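Trainee: dropping a prediction and its sequence here:
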Amino acid sequence: MKPKAIVYRKMDPGILEDIRNYCDVTSFDKLDDDSLPAFRAALADAEGLLGSGLRVDRELLEMAPRLRIVCNNSVGYDNLDLQELERRGIMASNTPEVLNETVADAVFGLILAAARRIPELDRAIREGRWTEHAGSSWFGVDVHGKTLGIIGMGGIGASIARRAKFGFGMKVMYHNRSRKPEYEAAYETIYGSLDDLLRESDYVVIMTPLTPQTRHLIGEREFGLMKRSAIFINASRGATIDEEALIRALQTGLIRGAGLDVFEQEPIQPDHPFLTMDQVMMLPHMGSATRETRYKMARLAADNLIAGLTGGHPPSLIRRKP
Ligand code: DGY
């Protein structure tokens, strides 16, 4: 008998077919009021679970007594209660590395959009406001040659640093739990305290995973330390920053602008203050969302699931940090 698995997000049909070669799969394109009862029923027998974003905590695990592996189709795993999974001897995996370059591209998209005011000026043209030679009120600021500060220097941070150094001739600072001598050597990145990085950077990018230690890492005090000309980018998780504090920092001109791929509540509400701010660039949590990269992530998530349920070694198991 094949092991039973649940796939709870829409999946590439070829990859889903491949999973079916090894597992008896119950699949859901999404979890909503219609699909939740069947999903809960399937949990009773499930040995594997694959998808992204679902909160996997004690309450859910109580409904899934046979579970052996939980495979996130994302690099982030703040949706998983790792301690509880470990206590129950359940493996957990994510999809690191394969998305590094794509997310770094998106981060630079946000940086350039904010620095050169691309969405705002695009709107101005469409609304018929380009009626004479464009003047200084539409000027942006340079990216090349400026200082970029990266908070959270993992694989994505390194891909951002490489672009910054070799593509834009930027000085790159970083702050991380541990120093990364390999990136210091490769991209001449300079390690600094969080406060020094915030004070010195023209562009601040936060890429740190969301953990109890990084929740609201950037708040009122931190925005206050940044240059008034700073542009702040968040492509990690919404809750690594205090969104209310960011709104105030933008409204009072404490910083120049922001580029955001993630928000404390997703999707954001239709009356969210960011929607009226020209200096805020937004993406709907899609930093890794290219066809090529989403395929690679799904493939890796599937490989983890198949290996985990057939006695192999899942290629990207999550090791819980103390
Ligand atoms: C990730 O992989 O963690 C991306 O943010 C998508 O959730």
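Mentor: Sure, I can see it.

Trainee: in stretch 24-44, what's buried?
Mentor: 25-28, 31, 39, 42-43 (16 or more other C-beta atoms under 10 Å). Heads up, the C-betas are built off the backbone N, CA and C, glycines and all.

Trainee: can you pick out the most distant pair from these?
Mentor: 25 and 31 (15.4 Å; C-beta to C-beta).

Trainee: break this structure down into its structural domains.
Mentor: The record's domain parsing of the chain by automatic domain parsing lists 4-98+292-309, 100-282.

Trainee: with mean pLDDT and distance to residue 317 added, can I get those in CSV?
Mentor: Output for those, formatted as CSV (pLDDT from 0 to 100; distance: least, C-beta to C-beta, whole Å):
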stretch, mean pLDDT, distance to residue 317
domain 4-98+292-309, 98, 5
domain 100-282, 98, 16
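
Trainee: output those as TSV; include the columns distance to residue 319.
Mentor: As requested, those are exported to TSV (distance: least, C-beta to C-beta, whole Å):
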stretch	distance to residue 319
domain 4-98+292-309	9
domain 100-282	13
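
Trainee: tell me which of those sits nearest to residue 316.
Mentor: domain 4-98+292-309 (5.2 Å).

Trainee: quick check: end-to-end length of the closest one?
Mentor: End-to-end distance for domain 4-98+292-309: 9 Å, by C-alpha to C-alpha, to the nearest Å.

Trainee: tell me how far that domain lies from the chain's centre.
Mentor: Chain-centre distance of domain 4-98+292-309: 19 Å, with C-alpha atoms, centre = their mean, to the nearest Å.

Trainee: please name the nearest non-neighbouring residue to residue 98.
Mentor: residue 296 (4.1 Å; C-beta to C-beta, 6 or more residues apart in numbering).

Trainee: for the closest residue to residue 301 other than its chain neighbours, what are its contacts?
Mentor: Once flanking residues are discounted, residue 301 sits nearest to residue 73: 4.1 Å by C-beta to C-beta, 6+ apart. By C-beta atoms under 8 Å, 6 or more residues apart in numbering, the residues touching residue 73 are 9, 50-52, 95, 297-298, 301.

Trainee: quick one, helices of the protein?
Mentor: Ranges of helices in the chain, per DSSP state H, are 13-22, 36-43, 58-62, 82-87, 100-116, 118-126, 155-162, 168, 181-187, 194-200, 220-225, 243-251, 291-309.

Trainee: for the third one, buried residues please.
Mentor: Within helix 58-62, the residues that count as buried by 16+ other C-beta under 10 Å are 60-61.

Trainee: and the fourth one, by the same measure?
Mentor: Counting neighbours by 16+ other C-beta under 10 Å, one finds that the buried residues in helix 82-87 are 82, 84-85.

Trainee: list just the nearest of these to the ligand.
Mentor: Lowest distance from the ligand to these (C-beta to the nearest ligand atom) belongs to residue 82, with 14.9 Å.

Trainee: what residues are up against that closest one?
Mentor: By C-beta under 8 Å, 6+ apart, the contact set of residue 82 is 92, 318, 320.

Trainee: give the bridge partners for the residue nearest to the second one when sequence neighbours are not counted, please.
Mentor: To tie it back to what came earlier, the one meant is residue 318. Counting by C-beta to C-beta, 6+ apart, residue 92 is the residue found nearest to residue 318 once chain neighbours are left out, at 4.6 Å. The bridge-partner assignment for residue 92, based on DSSP bridges, gives residue 70.

Trainee: residues contacting residue 92?
Mentor: 69-72, 77, 80, 82, 85, 317-318 are the contacts of residue 92 under C-beta under 8 Å, 6+ apart.

Trainee: quick one: it from residue 221, how far?
Mentor: Counting by C-beta to C-beta, to the nearest Å, the separation of residue 92 from residue 221 is 34 Å.

Trainee: pick out the residue in the stretch 151-300 of the chain sitting closest to the ligand.
Mentor: Going by C-beta to the nearest ligand atom, the ligand is nearest to residue 288 of the stretch 151-300 of the chain, at 5.0 Å.

Trainee: I'd like the buried residues of stretch 24-44 as CSV, with distance to the ligand appended.
Mentor: Listed next are the buried residues of stretch 24-44 as CSV, based on distance: C-beta to the nearest ligand atom, whole Å:
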residue, distance to the ligand
25, 22
26, 22
27, 19
28, 18
31, 15
39, 19
42, 23
43, 22
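
Trainee: and of these, the nearest to residue 216?
Mentor: Distance to residue 216 across these (C-beta to C-beta) is lowest for residue 31, with 27.6 Å.

Trainee: distance check, the residue in the chain sticking out farthest from the centre against the ligand.
Mentor: What lies farthest from the middle of the chain is residue 132; by C-alpha atoms, centre = their mean that is 40.3 Å. To the ligand, residue 132 is 42 Å away according to C-beta to the nearest ligand atom, to the nearest Å.

Trainee: ok, that residue - contacts?
Mentor: No contacts exist for residue 132 under C-beta under 8 Å, 6+ apart.

Trainee: now do it against residue 138, distance only.
Mentor: Distance of residue 132 to residue 138, computed by C-beta to C-beta: 11 Å.
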